[in-house]
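> Would you be able to build a 3D model of this:
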Amino acid sequence: MKTIKIIPILILFFASIVSGQNNLNQQFTKKKIDAFLEKARKNNSQIINSSEKSSNLKSGAFGLVKQPKIPVFNPEKSLGDTLYIGLQGNDSLVVTGTYFHNKPIVILNSGKLIVRNANYTQIGDIWVLQNGKFLVENSTIHFPQLYFYERSLMAVHDGEIKIENSTLDFGGMVHNMVAIDNAKIKFKNVVKPDFTTNGLYGNAIYDFENVDIAGEFVIEGNSNLHFKNTKTILLWHQFPENSHIDFSFPNGSFVQKYLFSDTVTGIDGVNYSIVVDSCSDVMWGIMPTQNSDVTISNSKIRAIGLWFEGSDTMSVNGLVNNSNYINFTAPLSDRSLKFINSTVQTWSLYLFDSAFLKLSGSIIGEMGSMGKSRFEGQSFMCDGSGGYFWASDTTFAMAGFSSFNSNVRSQRNGILLCAYSPVNMGEATALHSSVLMCVQCVLPQEPKAYDKSCVWNAFIGNVNSNFQDTIIAINGSAYIDKTATSTLMDFSYYKMYYQKATDTSWIEISCDTATEIHNGLLANWNTFGLVSGNYNLKLRLVDNWGNAVDAIKGIVLLPAILSTEENNNFKFNIYPNPAKDIINIELESDSDFCISIKNSIGQELLFQKYNKFQKTITIDIRNLKNGIYYISIKSEKGFNSSVFEKKDNKN
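Have a look, this model is predicted:
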């Protein structure tokens, strides 16, 4: 896979903008997010234990925004780990009682899988092809998942899935269901606690009656949908090229009667049909493509998914979730999208084919790339209200100096680079044979590799002290992890460097280190003889194929005159840090103590005595200038010191 040799150019891309790292991060991490996902609920199943759960209202169109590839099965060549039903005549399998199956199932020809009065656990997907049928009555089916979208139900050609008076449980995580060609999917009286992403293509038919959580539906082609007495529906109306839409969506809290088809005034160029009958919590989504002409009036839009196809090249900025539009035309040069007296909760963007997109200055809900597309993003936020940030197929996506309240994921053969960007909620994961690279990203937990994938993590953490003429311990992470079955690159070595902030050359701190570091000591930096001031630290992470990425972090080296021998048994905690108005100090002391604050050149700005009964001290720092300050606490029993940063943030 020498195609991954593109990776070294990433050093140049991010090095060119590293000087703006702090300002950009502060600007976007502190924006108020009006809508974001609930934290994932815990799964208590004994079969799996994953922290990657979803709320019931999670939306994310994933890879179903275009028709997925129909799986090709050749049972004569190899059955592998798959169970085939229908290879011979009217083959059928009837499941009753308690049943466990740990292989994918393909139902084809005239085969039938009938589940009746059963408690059935299925480890693997179920595909229904040709005239096959998957019929479920009065049963509970469990589809455990290690990660969201791991499992799917697919009906192709004239395949049929029919589920009545039953419960479907996907382990608390979002999953896929797809109907292609003339396939039919019918649910009646179904309890479904987990959100489903559905895709309809060709002449597919969906019929849902009395379903508690229907999920989201990506609607294309000549498909037909009918919903009756059903709850929680997100309808993604795809508007094809050259379509003309001038439409107002009704209030979705309860929809008595709704019809969307080309028989309705204001709709032209759409071949599918949607009927909603007596349903509640209906959400409206739209997917405008190139050369479409769309005007939406007096509507509450839950989500917009912008498609970029072919060789489309676009730069987009200024899209902001939770916006009210009196009269607004979206800044898109390849289509017309206009809103009149309408609200948009979530903007999402999807790349296909060989499209190329640059995104900046936006707050979006989901960003996904497919095909051979490319994505470059800077100074944007993905708040998770539309899904997550992902790179699939053979795409290359990179995001820098941005922020994520969502999952970050590479999948299939995609390459995703996330740099100088906090992942505040969710997980960073790699699936299939993809590569996920995290460079100087604050993560809630270590990135994880599944299937045959690979994850990189290059991160320089905080230092315990930062005085000249001392040995400074630099902590962080430097590793490349892959699964046991992965054939991708592996860890080779890492190296640490430093430079004066005004210099262009780098000086080695350590030689090549062939041991991976997971949240530990990267190197000891000898600062004897260095002048105080601003410095940069650099961590270079290198794989065994010769690829490399650099993580860079700024540090202020304080004058040695401020450093005093400390008693580490006397500890205290300062928060917030950086701070704007006040700092709080928490400590435990057996005797009275005093607090001193000095600036970077050693001038004492505050000296105050306190008694031993005071456990939390609040100090007003509004009169201090922005910068680094040295704080020390002394008592009869000991002494300790630390630093804090005064930083106003007006963004």
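
> I figured Asp212 hits Lys192, correct?
Yes: Asp212 is within contact range of Lys192, at 6.2 Å (criterion: CB atoms under 8 Å). (Glycine included, C-beta is placed from N, CA and C.)

> what's the pLDDT at Ile561?
Looking at Ile561, its pLDDT is 58.

> Repeat that for Asn138.
98.

> Then Asn49?
At Asn49, the predicted lDDT confidence score is 24.

> Kindly export stretch 419-432 (C-alpha atoms) in PDB.
Output of stretch 419-432 as PDB, limited to C-alpha atoms (Å, rounded to 0.1, in the frame of the first residue of the first chain):
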ATOM      1  CA  ALA A 419      -4.400  17.500  14.000                       C
ATOM      2  CA  TYR A 420      -4.400  20.100  16.800                       C
ATOM      3  CA  SER A 421      -8.100  19.400  17.400                       C
ATOM      4  CA  PRO A 422      -9.800  18.300  20.600                       C
ATOM      5  CA  VAL A 423     -12.300  15.500  20.400                       C
ATOM      6  CA  ASN A 424     -14.500  16.500  23.300                       C
ATOM      7  CA  MET A 425     -17.100  13.800  23.000                       C
ATOM      8  CA  GLY A 426     -17.100  10.400  21.400                       C
ATOM      9  CA  GLU A 427     -14.200   8.200  20.300                       C
ATOM     10  CA  ALA A 428     -11.500   8.200  17.600                       C
ATOM     11  CA  THR A 429     -11.600   4.800  15.900                       C
ATOM     12  CA  ALA A 430     -10.400   3.100  12.700                       C
ATOM     13  CA  LEU A 431     -12.300   0.300  11.000                       C
ATOM     14  CA  HIS A 432     -11.700  -2.200   8.100                       C
END
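
> any idea how far Ser333 is from Ile185?
Shown here: Ser333 relative to Ile185, a distance of 38 Å by CB to CB, to the nearest Å.

> Please read the previous query as pertaining to Phe380.
In terms of CB to CB, Phe380 sits 36 Å off from Ile185.

> Comparing Ser333 and Ile185, which residue is more hemmed in?
A count of neighbours by other CB atoms under 10 Å puts Ile185 above the other of Ser333 and Ile185, at 25 against 9.

> Report the beta-bridge partners for that one.
Beta bridges link Ile185 to Ile161, Tyr206, judged by DSSP bridges.

> and it, what does it touch?
Taking CB atoms under 8 Å, 6 or more residues apart in numbering, we find Ile185 in contact with 153, 155, 160-162, 177, 179, 204-207.

> sorry, back to before: more neighbours: Asp212 and Lys192, which one.
Neighbours were counted for Asp212 and for Lys192 using other CB under 10 Å; Lys192 has more, 22 against 14.

> Now for the more buried one: which residues touch it?
Counted by CB under 8 Å, 6+ apart, Lys192 has contacts 167-168, 211-215.

> nearest residue to Lys300 other than its sequence neighbours?
In this structure, Lys300 finds its nearest non-sequential neighbour in Thr343, 5.2 Å apart by CB to CB, 6 or more residues apart in numbering.

> Give me the contacts around the strand or helix carrying that neighbour.
Secondary structure from DSSP states H and E places Thr343 in strand 336-344. Here strand 336-344 makes contact (CB under 8 Å, 6+ apart) with 288, 292-301, 304, 321-330.

> So which residues of the stretch 501-650 of the chain form strands?
507-508, 517-526, 533-543, 548-557, 572-575, 582-587, 593-598, 604-610, 616-620, 627-635, 638-646 (DSSP state E, counting those that start in this stretch).

> Rebuild those as JSON lines, extending it with mean pLDDT, distance to Trp284 and mean neighbour count.
What follows is the strands of the stretch 501-650 of the chain, written out as JSON lines (pLDDT from 0 to 100; distance: least, CB to CB, whole Å; neighbours: other CB atoms under 10 Å):
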{"stretch": "strand 507-508", "mean pLDDT": "94", "distance to Trp284": "58", "mean neighbour count": "12"}
{"stretch": "strand 517-526", "mean pLDDT": "92", "distance to Trp284": "44", "mean neighbour count": "16"}
{"stretch": "strand 533-543", "mean pLDDT": "95", "distance to Trp284": "45", "mean neighbour count": "20"}
{"stretch": "strand 548-557", "mean pLDDT": "94", "distance to Trp284": "41", "mean neighbour count": "20"}
{"stretch": "strand 572-575", "mean pLDDT": "86", "distance to Trp284": "43", "mean neighbour count": "14"}
{"stretch": "strand 582-587", "mean pLDDT": "90", "distance to Trp284": "45", "mean neighbour count": "17"}
{"stretch": "strand 593-598", "mean pLDDT": "86", "distance to Trp284": "55", "mean neighbour count": "18"}
{"stretch": "strand 604-610", "mean pLDDT": "87", "distance to Trp284": "57", "mean neighbour count": "12"}
{"stretch": "strand 616-620", "mean pLDDT": "91", "distance to Trp284": "48", "mean neighbour count": "12"}
{"stretch": "strand 627-635", "mean pLDDT": "82", "distance to Trp284": "50", "mean neighbour count": "19"}
{"stretch": "strand 638-646", "mean pLDDT": "78", "distance to Trp284": "45", "mean neighbour count": "18"}
